[in-house]
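A.B. asks: The sequence and its predicted three-dimensional model are supplied below.
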Amino acid sequence: MNKSLRNAVIAGNWKMNNTRVETTALINELAPLVKGADCEVVVCVPFTNLQTAVELAKGTNIKVGAQNCHFEKNGAYTGEISADMLVEMGVEYVVIGHSERRQYFAETNVTVNKRTKAAIASGLKVLLCVGEMLEDREQGITDELVALQTKIGLLDIDKADLDKIIIAYEPVWAIGTGKTATAEQANEVCTMIRNTVAKIYDQAAADAMTIQYGGSMNAANADELLAKPDVDGGLIGGASLKAADFTAIINAASK
Ligand code: PEP
């Protein structure tokens, strides 16, 4: 399937950055720069900035995402936020299973799957993150590991709900390190993920799925990465914190 038929999505993952004042400044700077974008533009901001971001994004083509949600609807989960709470605020996207959550907050493939199911049941779109550590790549087990993350991440999810899921391939060794995967490496794993989705569902479902690359994508390397046939967008950390850099990536995806 020609990738131009798929929905290209460029999402910024702000991580634990930006106060509300900084959020206001960044979204106000970004909105006019990306208004002609020919791709979906998403900013995934800290929980405390969601309300501000949703208000500022009204009337623009910027969509707002959160960076996590809990898998239960409500209850005794101190410090957690449910998918329904995000939807009530006007949030449309949520990042699930980011490698920083897997590394530092004991997230597993099973909890990633539970959160993904809860998010789509509440009406959110999910940016489902998968990706290998450096030692996995060195041991030659990238494909097995990422296929397993994909399979468990998508467990018990209906084919009809796949249009609410975007898979973000993010090699952990490339996140925040300045070491980007080569465009060939990125495409190779994105193709493998698409083939995995085809095995679980069917080829049409796999062809329609948006698969992003993430890991030190920036204004200089975005053109090459986004030109690859199985790379349908990007999940962007550091470069999403500067309006000009994020816009350059959005422009590259809009070509
Ligand atoms: C990320 O946080 O998902 C990410 C890709 O970060 P960076 O672009 O900074 O590597």
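C.D. replies: Right, received. Where do you want to start?

A.B. asks: okay, the residue nearest to L155 when sequence neighbours are not counted: pLDDT?
C.D. replies: Spatial nearest neighbour of L155, excluding adjacent residues (CB to CB, 6 or more residues apart in numbering): N113 at 5.0 Å. To be clear about C-beta, it is placed using only N, CA and C from the backbone, and glycine gets the same treatment. At N113, the model reports a pLDDT of 98.

A.B. asks: Who are the contact partners of the closest residue in space to L154 that isn't next to it in sequence?
C.D. replies: Distances taken as CB to CB, 6+ apart put I200 closest to L154, at 6.1 Å, once the chain neighbours are dropped. Contacts for I200 (CB atoms under 8 Å, 6 or more residues apart in numbering) come out as T150, K151, L154.

A.B. asks: Okay, and which of these map to helices?
C.D. replies: Among the contacts of I200, the members found in helices (DSSP state H) are T150, K151.

A.B. asks: how about the contacts of I200 in JSON lines, adding distance to the ligand, neighbour count and pLDDT?
C.D. replies: JSON lines is the format used below for these (distance: CB to the nearest ligand atom, whole Å; neighbours: other CB atoms under 10 Å; pLDDT from 0 to 100):
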{"residue": "T150", "distance to the ligand": "17", "neighbour count": "24", "pLDDT": "98"}
{"residue": "K151", "distance to the ligand": "21", "neighbour count": "16", "pLDDT": "98"}
{"residue": "L154", "distance to the ligand": "20", "neighbour count": "23", "pLDDT": "98"}
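
A.B. asks: which of the contacts of I200 lies closest to I249?
C.D. replies: Taking CB to CB as the measure, I249 lies nearest T150 of the contacts of I200, at 24.1 Å.

A.B. asks: gap between that closest one and G12?
C.D. replies: 23 Å (CB to CB, to the nearest Å).

A.B. asks: Who are the contact partners of the one residue in the chain that gets nearest to the ligand?
C.D. replies: Ranked by CB to the nearest ligand atom, the top residue of the chain for proximity to the ligand is G237, at 2.1 Å. Listed by CB under 8 Å, 6+ apart, the contact set of G237 reads G12, N13, K15, I175, G176, G214, S216.

A.B. asks: do the same with A239
C.D. replies: For A239, the contact set (CB under 8 Å, 6+ apart) comprises M217, N218, A219, D245, F246, I249.

A.B. asks: got it, and E224?
C.D. replies: A183.

A.B. asks: Using PDB, write down the CA coordinates of the helix or strand where it lies.
C.D. replies: Using DSSP states H and E, E224 sits within helix 222-226. Extracted in PDB, the C-alpha atoms of helix 222-226 (Å, rounded to 0.1, in the frame of the first residue of the first chain):
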ATOM      1  CA  ALA A 222      13.500  14.000   9.500                       C
ATOM      2  CA  ASP A 223      13.400  14.200   5.700                       C
ATOM      3  CA  GLU A 224      15.400  10.900   5.200                       C
ATOM      4  CA  LEU A 225      13.600   9.000   8.000                       C
ATOM      5  CA  LEU A 226      10.100  10.100   6.900                       C
END
